[in-house]
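K.L.:
After the sequence you'll find the predicted model.
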Amino acid sequence: MNATMSLEKTQHYPVMLNQVLSIISPQHGGTFIDCTFGGGGYSKAILKYPNTKVLAIDRDSIVKQYADVLKKRFPGRFNFFQDKFSNIDKIIQANENPKSIIFDLGLSSFQLSDDKRGFSFKSKNSLNMQMGLNKYTAYDVVNFLDKECLANIIKIFGEEKDNRKIAQRIIKRRNVKPIKTSEELASIVNEVKKNYNNYKKNTATKTFQAIRIFVNQELTELIIGLILASQLLSDGGVLVVVSFHSLEDKIVKNFFNLYSELNKNPSRYLPFKKKKDGLFKLLSKKPIVPNKKEINENIRSRSAKLRYAVRNNTPFINSEEFKKNFKNYFKIGEIRL
């Protein structure tokens, strides 16, 4: 793909763009952090407003071509960093005072459609599933991890009840010959799940999700990213997160509930008590979801959930309670090939 390609010509659909813009109010200017630059949809929309500045982050090197376009179009107002969530604090200077930090999680359209990346069930290319800045590939995970590790990854990151059967079938097949493509892996999983032919999604969906999450350490990166973003935001700053599956949303929901002023009462018969040291003002506990029009135009948005909260002036002190809630994710992430 040509590096000078116009962003208008790419098939990129920033999910719930109008809702995000309404929440972050770029018309009033300010510095915005786009933590998942992708095709540049959010960044480009923000930069259309004068007196705005965007610092964009993405771990995928291929998106630099889109970033270069914006850098030329908005000189001095846009900068791009190829890095991960866990390094936000090393990238964003404290004096930037961001007005909003935005996370748009999941895969980009171009990642899914690029057959060489191996995210698709039908890919005949090498098992990859790397988003960028990875230590290993899906090929390494599938062909070199032992049965117990594979089963745990598929269970915890895929919420797959047939995790052990799938892990056993993978081991059996790779003992004959290496599993080289995504298409082969999907076929193996479908053999185990053959009685689920009426399943609405491909029966390999959960296993692919699990392996992809492990390869990219997506959930631990999100946890650390949320903590660091909260430390970077000052009073009045807005943290926005768009998630695409239940594991992501569970983390975001837990984070906002744990560190916000809006807390559930121990009893509905007791008067509401606001948490004294809340980091955020949570305006609603219910997520925003795409309308039917957007889902019809972009089917991949159907599972999206948008949650946001406004930062208070309370200092961020302790993140251990939040990390403890997801200790299994960190434990699985420590598996080494």
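P.N.:
Ah, there it is. Numbering: from 1, shown residues only.

K.L.:
how about the nearest residue to S123, chain neighbours excluded?
P.N.:
Excluding its sequence neighbours, the residue lying closest to S123 (C-beta to C-beta, 6 or more residues apart in numbering) is S182, at 3.9 Å. Backbone N, C-alpha and C define where each C-beta goes, glycine included.

K.L.:
from what I can see that neighbour touches F121, true?
P.N.:
Yes. S182 lies in contact with F121 (C-beta atoms under 8 Å); the separation is 6.2 Å.

K.L.:
which residues do the two both contact?
P.N.:
By the contact definition C-beta atoms under 8 Å, 6 or more residues apart in numbering, S182 and F121 are jointly contacted by F208.

K.L.:
These two: which has the busier surroundings?
P.N.:
Ranked by neighbour count (other C-beta atoms under 10 Å), S182 and F121 place S182 first, with 28 against 17.

K.L.:
Would you check how far apart the residue nearest to S123 and Y42 are?
P.N.:
29 Å (C-beta to C-beta, to the nearest Å).

K.L.:
Got phi/psi on the residue nearest to the spatial centre of the chain?
P.N.:
Note on the chain: the residue nearest the mean C-alpha position is L105, at 2.5 Å, using C-alpha atoms, centre = their mean. Backbone torsions of L105, given as degrees, to the nearest 10, read phi -80, psi 180.

K.L.:
can you pull the contacts of it?
P.N.:
Residues touching L105, when contacts are defined by C-beta under 8 Å, 6+ apart, comprise T36, E218, L222, V241, V242, S243, F244, E248.

K.L.:
Neighbours of the first one, how many?
P.N.:
Think T36. A count of nearby residues for T36, using other C-beta under 10 Å, gives 22.

K.L.:
Now for it, which secondary structure element holds it?
P.N.:
Here T36 is covered by no helix or strand, with elements defined by DSSP states H and E.

K.L.:
What sits closest to it if chain neighbours are left out?
P.N.:
If you skip the residues right next to it in sequence, T36 has D104 as its closest partner in space, 4.5 Å away by C-beta to C-beta, 6+ apart.

K.L.:
quick one, strands of the stretch 151-300 of the chain?
P.N.:
Remark: strands of the stretch 151-300 of the chain, listed N- to C-terminal, are 238-243, 280-281; assignment by DSSP state E, counting those that start in this stretch.

K.L.:
got JSON lines for these, with distance to L228 and mean neighbour count too?
P.N.:
Listed next are those as JSON lines, based on distance: least, C-beta to C-beta, whole Å; neighbours: other C-beta atoms under 10 Å:
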{"stretch": "strand 238-243", "distance to L228": "11", "mean neighbour count": "25"}
{"stretch": "strand 280-281", "distance to L228": "15", "mean neighbour count": "20"}
